[in-house]
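Colleague: Any chance you could fold what I've pasted below:
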Amino acid sequence: MNWIKTLSHHRQRMNTVMLVLVTTLLFLPLAHADQAPAPTEPNVTSSDTTSLAHQIARTKQYIQTLVESLKQAKGDDKDAIQLQLFTKNEELRELLADAINQQSLDNPQLIQLVTAQRRYTQDAYQYITTRLNSLNEQITQASQEQRLPLINEYAELQHYLSTTFEASWENIRWLEQLDQPAREARNTLEQRLNQRLRLLSASIDYLRQQYTVQEKQIKSSPDSEKPALQLTQLNTQQRLTIATDSLKRTYQIADELGIETAEYKRQLFGVTGNITQDILDMDVAYSILSHWSTNTLSWAEDNAPQLVFQLIILVLILLVAKLLARLTRSVVKSTVANKNFKFSQLMQDFFVSMSGKAVWMIGILVGLSQIGVNLTPVLTGFGIAGVIIGFALQDTLSNFAAGMMLLIYRPFDVGDFVYAGGVDGKVGNMSLVNTTIRTFDNQIIIVPNSKIWGDVIKNVTRERIRRVDMVFGIGYKDDLLKAEAVLTEIVQSHPAVLRTPEPMIKVHVLNTSSVDFIVRPWVKTDDYWDVYWDVTKTVKLRFDEEGISIPFPQQDVHLNWGSTAPEARSNH
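Modeller: Next up is the predicted model:
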């Protein structure tokens, strides 16, 4: 509740002094305006001129009424009346500007009104600057909780001070329109503007530095201390916002007076980052580029030696990591190629590739840590990126998972003849994503691993030996035993047929057109098709030599006309 009392006390002091200022503003022109002689040759004689003079008189009278009411008001009513006083004074200034532009009043009256405004702005400037100095000391001595109401009053005072400068510049323009000397007032205003620009610039640099320091403290502090630090940073941010707003309003007035403000615009751009039309000014753009280049050179002078040393260390670490990766790949490759492990080619390639990449990745992380990079957010970023990539590449990851299953269960290897994923052929290459199969007619087909793992896999060459299944038929009139002896001789005489297991030659089926033998010799897998083709050819040649027929499907149709013809004739 202390800060509420403090705020109330400050508002009472503000209202009191503003009452004095407005009273000064009011009575200075009233005393002369009511007694001013009528103009002998008015510039404008229309009804609008009379109306404008009456509006000025009514506005001053209304301000007088508000001043009297302000003396008796309390609390919120006093704040409301104070706001009306400022509003009415702005209306009075607008009417005065119209009167000067239209020359609806004689010069003595206009000069009196402008002079009253000048005295008002002068008194307001003196009070506000004094109050700001006192308020700065109070803010410095107050606790962080007590600074909030003080900063609010500080913002109001800065706003009033900027408004005072704007009014002072407008007063000077009015004097120049009325052909009154304004050089001294202009010089005074330029001096005060330069002083205010320098003060605001220094305040912005200081507050910006404080904000950066407080931000670092918040990141490195325990959770129990963060609320207090965040409150301190909030107060600093509010004061920084007030200073930047005041700087912008101040250099806008200074631009009209011809004061050099490029450096202040550059500073405001550096703090807020807002791109405005001021950036298009050549002086401002040059100031920004010059500031950036100066900061870059200064940073390079301070950090270049350390940076070069860190880069050298990073390069050395990466070179060592590359050599270790190659060495690791060689060792792993020779290890997994050992026949005792019985690893498939895919598994060998996987271990070799992953070992080299793992060593290389560790080398990169060690190198980054040596140059001061915090690895925690880097690893966290990798985790988040992994989740995002996982959702984006679901099909690819399903192929990868299927490749891992093929790696673990090893249903086939490179060089095997397989039927997989609806494709027949020889496996040419395997990866964790897809498998390359060369068909028997020499086509290259790349099959996704997910399709292979989700379908039937037939490995033709997985076993060392295979059985060749063949069927040969002879006619019913041919010598069965002779045919069996010929088939046995053909099979046993072939050099590629294995003696163990023994070949099987048996009468298998009595078909409608032939007596079928099954001939099943065992051969090495690589000799399968040679034996199949050789035996088939030899059987045909030997059967022809031995007079054994190889029947083809046929059907005899018997038509008996003798039993039906007499009956047909008798009926006829």
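Colleague: Now do the same for V418: helix, strand or coil?
Modeller: For V418, the assignment made with DSSP: H, G, I helix; E, B strand; the rest coil gives strand.
Colleague: got the contact list for it?
Modeller: Under the criterion of Cβ atoms under 8 Å, 6 or more residues apart in numbering, the neighbours of V418 are F412, D424, G425, K426, V427, I437, I457, K458, N459, V460, T461. Just so you know, the C-beta spots here come from the backbone N, C-alpha and C atoms, and that holds for glycine as well.
Colleague: Are we agreed that I550 is in a helix?
Modeller: No: per three-state DSSP, I550 lies outside any helix segment and is coil.
Colleague: mind listing the helices in the stretch 301-450 of the chain by residue range?
Modeller: Here the stretch 301-450 of the chain has its helices, by DSSP state H, counting those that start in this stretch, at 345-370, 375-392, 394-409, 449-453.
Colleague: In CSV: those, plus mean pLDDT, mean neighbour count and distance to V114.
Modeller: CSV is the format used below for the helices of the stretch 301-450 of the chain (pLDDT from 0 to 100; neighbours: other Cβ atoms under 10 Å; distance: least, Cβ to Cβ, whole Å):
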stretch, mean pLDDT, mean neighbour count, distance to V114
helix 345-370, 80, 17, 68
helix 375-392, 68, 10, 62
helix 394-409, 77, 16, 77
helix 449-453, 88, 22, 87
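Colleague: of all those helices, which lies closest to S246?
Modeller: helix 375-392 (37.3 Å; Cβ to Cβ).
Colleague: domains for the protein, by residue range?
Modeller: As given by automatic domain parsing, the domain ranges for the chain are 1-180, 293-392, 412-457, 465-546.
Colleague: M404 is nearest to which of those domains?
Modeller: domain 412-457 (6.6 Å).
Colleague: Look up how far Y206 lies from A155.
Modeller: Using Cβ to Cβ, to the nearest Å, A155 is found at 17 Å from Y206.
Colleague: go on, L105?
Modeller: In terms of Cβ to Cβ, L105 sits 48 Å off from Y206.
Colleague: With T512 instead?
Modeller: 110 Å.
Colleague: So for those two, which residue has more residues nearby?
Modeller: More crowded of T512 and Y206, by other Cβ atoms under 10 Å: Y206, with 14 against 9.
Colleague: re the thing from before, for the contacts of V418, which two are the farthest from each other?
Modeller: K426 and I457 (14.3 Å).
Colleague: Can you report phi and psi for Q103?
Modeller: phi 50, psi 40 (degrees, to the nearest 10).
Colleague: ah, wrong one, I meant V433
Modeller: phi -110, psi -40.
Colleague: Quick one: residues contacting the closest residue to it other than its chain neighbours.
Modeller: Residue nearest to V433 in three dimensions, not counting chain neighbours: N399, with 4.7 Å by Cβ to Cβ, 6 or more residues apart in numbering. Contacts for N399 (Cβ under 8 Å, 6+ apart) come out as L432, V433, N434, P448, N449, S450.
Colleague: could you redo the last one with a cut-off of 7 Å?
Modeller: The contact partners of N399, taken as Cβ atoms under 7 Å, 6 or more residues apart in numbering, are V433, N434, P448, N449, S450.
Colleague: Likewise for D424?
Modeller: Residues near D424 by Cβ under 7 Å, 6+ apart: T439, F440.
Colleague: so how far is A402 from it?
Modeller: D424 is 20 Å from A402, by Cβ to Cβ.
Colleague: Mind telling me what element R466 is part of?
Modeller: If you go by DSSP states H and E, R466 is part of strand 465-467.
Colleague: Please state the offset of the helix or strand following that strand from the chain centre?
Modeller: Using DSSP H and E, the helix or strand that follows strand 465-467 towards the C-terminus is strand 470-474. What separates the centre of strand 470-474 from the centre of its chain is 73 Å, taken as Cα atoms, centre = their mean, to the nearest Å.
Colleague: Ok, stretch 337-350 next?
Modeller: Here stretch 337-350 is found 42 Å from its chain centre; the criterion is Cα atoms, centre = their mean.
Colleague: mind listing the strands for the stretch 1-150 of the chain?
Modeller: Using DSSP state E, counting those that start in this stretch, no strands are found in the stretch 1-150 of the chain.
Colleague: swap that for the stretch 151-300 of the chain, sorry
Modeller: Going by DSSP E, counting those that start in this stretch, the stretch 151-300 of the chain shows no strands.
Colleague: for it, which spans come out with low pLDDT?
Modeller: 273-297, 299-300 (pLDDT under 70).
Colleague: Tell me where it has helices.
Modeller: Under DSSP H, counting those that start in this stretch, the stretch 151-300 of the chain gives helices at 183-220, 226-256, 262-272, 282-336.
Colleague: List the contacts of the residue nearest to K477 when sequence neighbours are not counted.
Modeller: Of all residues not flanking K477 in the chain, S549 sits nearest, at 7.7 Å (Cβ to Cβ, 6+ apart). Shown in contact with S549 (Cβ under 7 Å, 6+ apart): I474, G475, D478.
Colleague: on that earlier part again, can you redo the helices of the stretch 301-450 of the chain as a markdown table with distance to Q64?
Modeller: What follows is the helices of the stretch 301-450 of the chain, written out as a markdown table (distance: least, Cβ to Cβ, whole Å):
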| stretch | distance to Q64 |
| --- | --- |
| helix 345-370 | 75 |
| helix 375-392 | 66 |
| helix 394-409 | 80 |
| helix 449-453 | 90 |
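Colleague: Out of those helices, flag the one nearest T328.
Modeller: Taking the helices of the stretch 301-450 of the chain one by one with Cβ to Cβ, helix 345-370 is closest: 4.9 Å.
Colleague: ok, now how distant is the closest residue to F350 other than its chain neighbours from S353?
Modeller: Nearest non-adjacent residue to F350, counting by Cβ to Cβ, 6+ apart: L407, 5.9 Å away. Counting by Cβ to Cβ, the gap from L407 to S353 is 12 Å.
Colleague: With L178 instead?
Modeller: Applying Cβ to Cβ to L178 and S353 gives a distance of 89 Å.
Colleague: G421 and D455 touch, don't they?
Modeller: Yes: between G421 and D455 a contact is recorded at 5.7 Å, counting by Cβ atoms under 7 Å.
Colleague: Those two: which is more packed in?
Modeller: Each of G421 and D455 has its neighbours counted (other Cβ under 10 Å); G421 has more, 21 against 14.
Colleague: Need the phi and psi values for the more buried one.
Modeller: phi 60, psi 30.
Colleague: how close does Q158 sit to V366?
Modeller: In terms of Cβ to Cβ, Q158 sits 53 Å off from V366.
Colleague: In CSV, list the domains of the chain along with distance to S221.
Modeller: Shown next, in CSV, are these (distance: least, Cβ to Cβ, whole Å):
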stretch, distance to S221
domain 1-180, 15
domain 293-392, 17
domain 412-457, 46
domain 465-546, 72
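Colleague: Lowest average pLDDT across those domains?
Modeller: Mean pLDDT per stretch puts domain 1-180 lowest among the domains of the chain, at a mean of 72.
Colleague: distance between that domain and the chain's centre?
Modeller: Here the centre of domain 1-180 is set off from its chain's centre by 51 Å, with Cα atoms, centre = their mean.
Colleague: for stretch 433-447, same thing?
Modeller: Worked out by Cα atoms, centre = their mean, stretch 433-447 lies 40 Å from the chain centre.
Colleague: Check which residues of that stretch are buried.
Modeller: V433, N434, T435, T436, I437, R438, V447 (16 or more other Cβ atoms under 10 Å).
Colleague: What of stretch 516-531?
Modeller: Applying 16+ other Cβ under 10 Å to stretch 516-531 flags F517, V519, R520, P521, W522, V523, D527, Y528, V531 as buried.
Colleague: So which residues make contact with it?
Modeller: Residues contacting stretch 516-531 (Cβ under 7 Å, 6+ apart): 461, 463-473, 483-484, 487, 491, 494, 496-498, 501, 503-509, 535.
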